[in-house]
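> Just a sequence and a predicted model for now, questions to come.
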Amino acid sequence: MANWFMKTIYSVILAINSILYPASVFSTDTEYGIGIGIADITGPAAEVNMMGYAMPEQKSSGIHLRQFSRAFIIEDKNSSNRTVFVSIDACMGAQSVTLEVVKKLNVKFGNLYTEQNLVISGIHTHSAPAGFLQFVLFQVTSLGFVNQTYTALVDGIVESITRAHENIVDGNIYMNSGELLESNINRSPSAYENNPAKEQAKYKYNVDKTMVVLKLVDADGTDIGMINWFAVHCTSMNNTNGLISGDNKGYASFLAEQHFNKGVAPGKGKFVAAFAQSNLGDVSPNTDGAKCIDTGKPCERNSSTCDGKVEKCIASGSGVDMFDSTKIIGTSQYKKAMELYTSATIKLSGPVQFIHQFLDMTNMTVKYNDTYKGKTCKPAMGFSFAAGTTDGPGAFDFTQGDTEGNAFWNAIRDLIKEPSDELVECHKPKPILLPTGEIDFPYAWQPTIVDTQLTRLGQLFIIAVPGEFTTMCGRRLRDNVLQVLVANGLKADSTKVLIAGLSNTYSDYITTLEEYQVQRYEGASTIFGPHTCQAYINQFKALAEAMIKNTKLPAGPKPKLLLDDQLSFVTPVIYDGKPIGKEFGDVLTDVVADYKRNTTVSATFQAGNPRNNLKTGATFLSVDYQDNSGKWIPRYTDADWSTKFIWKRTSTILGQSEVTIEWTIPSDAPIGTYRLKYYGDHKQAVTETVHSFEGVSSSFKVH
């Protein structure tokens, strides 16, 4: 009787509890093992060319946001299959980086993590150091290979994966998707509109507006991570910027991680949020569009010129400056991701699978249907490549939409290498400016072998593509892969296919056949010729078919790691000097006594070159708060949005430089006493030894 009574009371308590506290979407049953890790990959913050805009004068000169590698390991609890997705705050994934990361992982973990199950995807920031790709074309403006950039990337990626490996817990993954507006536009609409009208009519917009979010939780339903994909270039920061930054996606990650890791410095928290890249090829964040900077009128639509010059046609964001525009687009991605994250209820379940194949893209027969086929080509860049884009225009007399070329630049080109008749014919209607696939001095100019990879997490399929697919090419790819999956028994309404852009190998752009005919920047940069998009569609359809049928495919021709061939012409740090009567770390311009919130504090110090020590996992600055006991507590670092670490060379011959630390006081910063602190390193001339030093401003009040 007593037992019956207790059971009745317990049932009543459970019923009341279920009314007061409704059950969450989480179950005590878990589908996957989940490991999450983050590590610093920030490159040299001084005198190194930035990757993306190909502007020789755009060199690093400080830090606004640090670069991070965010790693996510997902394990199938039934088969023990594991896959690793890594999103890096860099311009792109790179073959040289992927190959070296796999080598280092093999030493640590054997064959647990290989090129088969590892995806390294770049967010495509144009405000991070260059010199990490192993091909000549990508090294022209960086003056060759930059080992500091490369090593920071490789070591940081390996560290983030190691941390994820060491933190695997049982958990669940929930998926959601939704429309994000006013955050991206098509920067090559004239090319997009050359696609079949019937195909365009299937879509409401000329860019993808859908964001896909994964919510990762542990067995208790505790938030541990987020991955989302949204197609937009990280070019809110323009080609005049010298501060290292993750651009709009880096800022979105910063906001999300600060939300979940309250009171913890950026890059140090348990919750990790990756704002990953997708089919962004023709997609710009500069939503105000391209205008002539001298008149304010729209540019000529197809050539993107003003009075015949591309330099005057520039797209901008809706902010008052590039920092504000970055904040606007980053915030919009963050807010939509959080909305989707908190409402995510579609639980991923089913196998973890992966399939990978190296592919020689230079001479493939490309079948469209039973009556039409084409072939791919050795790499080549077209004339419109040199025109740049409206996000970052080129120079000279190059324009977008050029299908003719001109005799002068042909003559200049021929001094380097005249393209073969076969290459010219293969790439038509692209006029070839650089026959990169036919040049091998001093080593290869562009890749010929690429990674192709498909990852499955239950009902989600992630296509890892080795470049920048345009909107329509990406749509065709997703649709074709989905058709294969459905034809092999999967449900169309519950199966999701997405694209992870700039993954593992970078092979420039991929347009549709129709877009290629227009020869905008993206078409001119489609290096394997007009049939590249369809070649990839056929390949990923084959991968999908093989995955579903558990068919083993040959590995394909593995590319070479060319580290031993690399050349570098970046001047190293010879020594650091200081004016007579000054010491390293001395305050040259001090703070004032009082500041209000939302104003900017600034101090300048006698500096050493930041390349002497990258401060990996650390910081070049801190904003310290004085507590009631008089102790100084670091509250902000160089990874915070509110700070800027600005380095300036004042004398090349004497090796002298200065650092300015800026802190724009957040509206929620506690009132009280603060100071700015600089952590530097200087190199001695004769011994070449590096010594650390510190500089401290006067204290100041925040009211």
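Perfect, thanks for sending it. Fair warning: this is a prediction, and the values are worked out from it, not measured in the lab.
> Tell me how far the nearest residue to N147 once chain neighbours are set aside lies from K582.
Leaving aside its sequence neighbours, N147 sits nearest to S568 (CB to CB, 6 or more residues apart in numbering; 6.9 Å). In short, each C-beta sits where N, CA and C put it, glycine included. Computed as CB to CB, to the nearest Å, the S568 to K582 distance reads 32 Å.
> ok, now T151?
Noted for T151: a distance of 32 Å to K582, by CB to CB.
> more crowded one of the two?
T151 (16 against 12; other CB atoms under 10 Å).
> any idea which helix or strand comes after the host helix or strand of the more buried one?
Using DSSP states H and E, the element containing T151 is helix 147-166. Where DSSP H and E defines the elements, the next helix or strand beyond helix 147-166 is strand 169-179.
> in that following strand, what counts as buried?
For strand 169-179, burial by neighbour count (16 or more other CB atoms under 10 Å) applies to 169-177.
> Paired strands for that strand, with orientation please.
Next to strand 169-179 in the sheet, as set by DSSP bridges, lie strand 32-40 (antiparallel), strand 210-218 (antiparallel), strand 346-347 (antiparallel).
> how about those strands in CSV, adding mean neighbour count and distance to V107?
Formatted as CSV, the strands paired with strand 169-179 follow (neighbours: other CB atoms under 10 Å; distance: least, CB to CB, whole Å):
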stretch, mean neighbour count, distance to V107
strand 32-40, 24, 17
strand 210-218, 22, 28
strand 346-347, 18, 36
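> quick one on the thing from earlier: quickly list what the residue nearest to N147 is bridged to.
Going by DSSP bridges, S568 forms beta bridges with G144.
> Distance of it relative to T42?
To T42, S568 is 19 Å away according to CB to CB.
> where along the protein do the helices fall?
For the chain, the helices defined by DSSP state H cover 2-20, 95-109, 147-166, 189-192, 197-200, 247-260, 322-342, 407-416, 421-427, 471-487, 513-518, 521-524, 532-548.
> Out of those, which one sits most buried?
Neighbour counts (mean count of other CB atoms under 10 Å) averaged over each of the helices of the chain peak at helix 521-524, with a mean of 31.
> thinking again about what came up before, got a markdown table for the helices of the chain, with mean pLDDT and distance to S699 too?
Output for those, formatted as a markdown table (pLDDT from 0 to 100; distance: least, CB to CB, whole Å):
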| stretch | mean pLDDT | distance to S699 |
| --- | --- | --- |
| helix 2-20 | 41 | 50 |
| helix 95-109 | 98 | 43 |
| helix 147-166 | 98 | 34 |
| helix 189-192 | 98 | 54 |
| helix 197-200 | 98 | 61 |
| helix 247-260 | 98 | 26 |
| helix 322-342 | 98 | 27 |
| helix 407-416 | 97 | 59 |
| helix 421-427 | 98 | 64 |
| helix 471-487 | 98 | 53 |
| helix 513-518 | 98 | 59 |
| helix 521-524 | 98 | 51 |
| helix 532-548 | 98 | 59 |
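> Which one of the ones you listed lies nearest to Q400?
The minimum distance between Q400 and the helices of the chain falls on helix 521-524, with 5.4 Å, by CB to CB.
> so what does the closest one touch, helix or strand wise?
strand 381-382, strand 509-510, helix 513-518 (3 or more CB pairs under 8 Å, 6 or more residues apart in numbering; DSSP states H and E).
> of all the strands paired with strand 169-179, which lies closest to P393?
Among the strands paired with strand 169-179, strand 210-218 comes nearest to P393, with 28.9 Å by CB to CB.
> Please enumerate the strands of the stretch 551-700 of the chain.
Secondary structure of the stretch 551-700 of the chain (DSSP state E, counting those that start in this stretch): strands at 587-589, 594-595, 600-607, 621-626, 632-637, 643-651, 656-664, 672-683, 690-696, 700-702.
> Sheet-wise, list the partners of the fifth one with their directions.
Partners of strand 632-637 in the sheet, by DSSP bridges, are strand 621-626 (antiparallel).
> Ok, the second one next?
If you go by DSSP bridges, strand 594-595 pairs up with strand 700-702 (parallel).
> out of S568 and T42, which sits in the more crowded spot?
Ranked by neighbour count (other CB under 10 Å), S568 and T42 place T42 first, with 31 against 14.
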